[in-house]
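*Asks:* Have a look at this fold, sequence not included:
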């Protein structure tokens, strides 16, 4: 094999991987975006992702329908996120600390309940073949996309529209930008935040189902290692805009696909280093976009993390 | 005991104990849903942690690294930063400890041990100090940043252990070359517990004395309380915060070094066991007080050692300890909402009492005047 075609294969694999690996990033970052728009940060989405991946796999395994699994994953994610929302509504309870607690609790519950699910196979989410026009097997493989991905793109567009142009979107943004204004207009800031966090958990839960029911497509305890957290950082990078979350998720999906892509063409050196690429990239982007002097452009004013 | 003292004890002792008891109760209910007897679970939880000398030794063995990783949260927290990347510092500390002999042969005996442990503390300290630098000079949120760095550290660790530093004879489980026998950390005389426990407890006491008994520690706490006020009185807040991060990271790195030098003898994937994450919980339960970290770490070390007993006897998954920890964490945070309530209640009671006394004295005065009036009337009659 010549060098040129080798790098071509890697490029195609990375592009295909961007969608495959990026889909969970997309859902989690959309969920986090909705939560953060109301002025709270939910680091617990990492726990939500693990728990919902397990729940999605269990749902699909028990009912035989992957879509029932997706629904169950969303519900499990919503319940855990609701716990975050309710806890943070108590006086003096810090949202970042609660997020750390839910990371531990979500992983614990998922590993405990998911113990019997490590061996079996569950019905997978169907894929959509977009590569039929090509003869190349690599291109076909790269364009075989997760059926959840188009749903995620629609959801991003819907969220962008709803946040900008609807009454509900305005209430959400008001809770995040000025809780005093929201209170003055008679809205309960805590209720808005709990509802948005719960909805965000449902969306992130779908991302979890994508992990266990599409790629990698099985349940094990190492399924999510920090993807939920990367997604939280992605929202900062995307400046709290849903459509920008889509681009960021694809970029990070590509970075995450680099390690496996290189391994598939026989480059084994530094496998673990390439797998750590998304974390390094996230950190670099945070260093590049954040500033110690002023709040980030587009950040909800009530958000503590964007300081 | 004065009223304010009672309120402090309620906040810092009674509330956490109640939250932990609630977590243990909740855990019993949770296993009961799965058809396991909760009473038997509670009994084994106690037996496995503190039931006999063997379990005590196991518990203390596990508590040693938890004390150090908890300090990695507690010290930066006192300077106002929420660092949760202790796992990364621990892993790099372990790697540095096992890696030093690749650079030069450390002297045999205790000097060599001190040297490899120093290397681990330096590695961990530099790693978490970097998270502090990113926060102070670039505005990168330290909670997210340090956790991302943790995953990076694990990637680096795996790369070196399975690549350039791999011992060719370790086939099934890639590891580095073992430390020289004479450099290993031994057992405390007469006990089956290694010296790491002493290192951990001493680190906690020293950190506590530094924070609450020295000027530098006081300055650090002022910065943590209000960074702007600290700058106004001329405290070098960047320097103090980054120092606190470095010290915390050094503790977590030391935990990794101790695990290598006392338990594993080389660096391998068993080091990545979530000790850094349990340390976060320990620090929260101890309310980020280094002295309180010691008993809390022993308690959670106990839960850890009881976990394997639960697994053997009741066939519960190994993640049951993680579930218990999750419950404990959530309840500890929820109990935060009740903090200070005891003090408020006592102030209110005091006010009520004072009012009653004032009321009674005024009634007594009225009665006296009435009596005098009556006496005058009788005389007149």
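*Replies:* Done, it's in. Everything numeric here is computed off the predicted structure, so don't read it as measured data. Numbers count the residues shown, from 1 in each chain, chains lettered A, B, ... in the order given.

*Asks:* what about the stretch 1-150 of chain A, any weak spots by pLDDT?
*Replies:* Low-confidence segments of the stretch 1-150 of chain A (pLDDT under 70): A:1-4.

*Asks:* Write out the residues of it neighbouring chain B.
*Replies:* Within the stretch 1-150 of chain A, the positions adjacent to chain B are A:43, A:83, A:87, A:90-94, A:96-98, A:100-109, A:111-112, A:115 by CB under 8 Å from any CB of the partner chain. C-beta: built from backbone N, CA, C; applies to glycine.

*Asks:* Report the contact partners of the residue sitting nearest the centre point of chain B.
*Replies:* In chain B, the residue lying closest to the centroid (CA atoms, centre = their mean) is residue B:283, at 2.6 Å. With contact set as CB atoms under 8 Å, 6 or more residues apart in numbering or on different chains, residue B:283 has these partners: B:70-71, B:73-74, B:77, B:293.

*Asks:* List the residues that contact the residue in the stretch 51-200 of chain B that chain A sits nearest to.
*Replies:* The minimum distance from the stretch 51-200 of chain B to chain A, using CB to the nearest CB, falls at residue B:155 (2.9 Å). Counting by CB under 8 Å, 6+ apart, residue B:155 touches A:272-273, A:275-276, A:279.

*Asks:* mind listing the helices for the stretch 1-150 of chain A?
*Replies:* Using DSSP state H, counting those that start in this stretch, the helices of the stretch 1-150 of chain A run over A:3-37, A:45-63, A:66-89, A:95-113, A:137-142, A:148-165.

*Asks:* Which of these has the highest mean neighbour count?
*Replies:* Most buried of these, by mean neighbour count (mean count of other CB atoms under 10 Å in any protein chain shown): helix A:45-63, with a mean of 29.

*Asks:* Kindly state the domain boundaries assigned to chain B.
*Replies:* B:37-315, B:342-381 (automatic domain parsing).

*Asks:* which stretch in these has the least confidence?
*Replies:* Mean pLDDT is lowest for domain B:342-381 out of the domains of chain B, coming in at a mean of 88.

*Asks:* Tell me the buried residues in it?
*Replies:* Using 16 or more other CB atoms under 10 Å in any protein chain shown as the test for burial, domain B:342-381 gives B:342-343, B:346.

*Asks:* Confirm residue B:273 sits in a helix?
*Replies:* No: counting by DSSP: H, G, I helix; E, B strand; the rest coil, residue B:273 is not part of a helix but coil.

*Asks:* ok, it - how many residues close by?
*Replies:* Around residue B:273 there are 16 other residues, counting by other CB atoms under 10 Å in any protein chain shown.

*Asks:* contacting residues for it?
*Replies:* By CB under 8 Å, 6+ apart, residue B:273 has no neighbours at all.

*Asks:* mind checking how far it is from residue B:296?
*Replies:* Distance of residue B:273 to residue B:296, given as CB to CB, to the nearest Å: 19 Å.

*Asks:* Next: residue A:130.
*Replies:* Residue A:130 is 55 Å from residue B:296, where distance means CB to CB.

*Asks:* cool, residue B:178 as well?
*Replies:* 33 Å.

*Asks:* In terms of neighbours, single out the busier of these two.
*Replies:* Taking neighbours as other CB under 10 Å, residue B:178 and residue B:296 compare with residue B:296 leading, 23 against 18.

*Asks:* Run a quick check on the more buried one versus residue B:286, I expect a contact.
*Replies:* Yes: the criterion here is CB atoms under 8 Å, and residue B:296 meets it with residue B:286 at 4.5 Å.

*Asks:* got any residues that touch both of those two?
*Replies:* Common neighbours of residue B:296 and residue B:286 (CB under 8 Å, 6+ apart) are residue B:70.

*Asks:* Residue A:280: neighbouring residues, count only.
*Replies:* Counted with other CB under 10 Å, the neighbours of residue A:280 add up to 17.

*Asks:* Surely residue A:283 is in contact with residue B:142?
*Replies:* No: using CB under 8 Å, residue A:283 is not in contact with residue B:142, being 11.8 Å away.

*Asks:* And those two? Which one has more around it.
*Replies:* Set side by side, residue A:283 and residue B:142 show more neighbours around residue B:142, with 25 against 21, by other CB under 10 Å.

*Asks:* Spatially nearest residue to that one, not counting backbone neighbours?
*Replies:* Excluding its sequence neighbours, the residue lying closest to residue B:142 (CB to CB, 6 or more residues apart in numbering or on different chains) is residue B:135, at 4.1 Å.

*Asks:* And for residue B:270?
*Replies:* In space, residue B:270 comes closest to residue B:264 once its chain neighbours are excluded; the distance is 5.9 Å by CB to CB, 6+ apart.

*Asks:* for the one you found, what are its contacts?
*Replies:* Neighbours of residue B:264 in contact, by CB under 8 Å, 6+ apart: B:94, B:175, B:270-271.

*Asks:* tell me which parts of the stretch 151-300 of chain A are close to chain B?
*Replies:* Close to chain B, as judged by CB under 8 Å from any CB, the stretch 151-300 of chain A has residues A:221, A:225-226, A:229-230, A:232-233, A:269-273, A:275-276, A:279-280, A:282-283, A:286-287, A:290-293.
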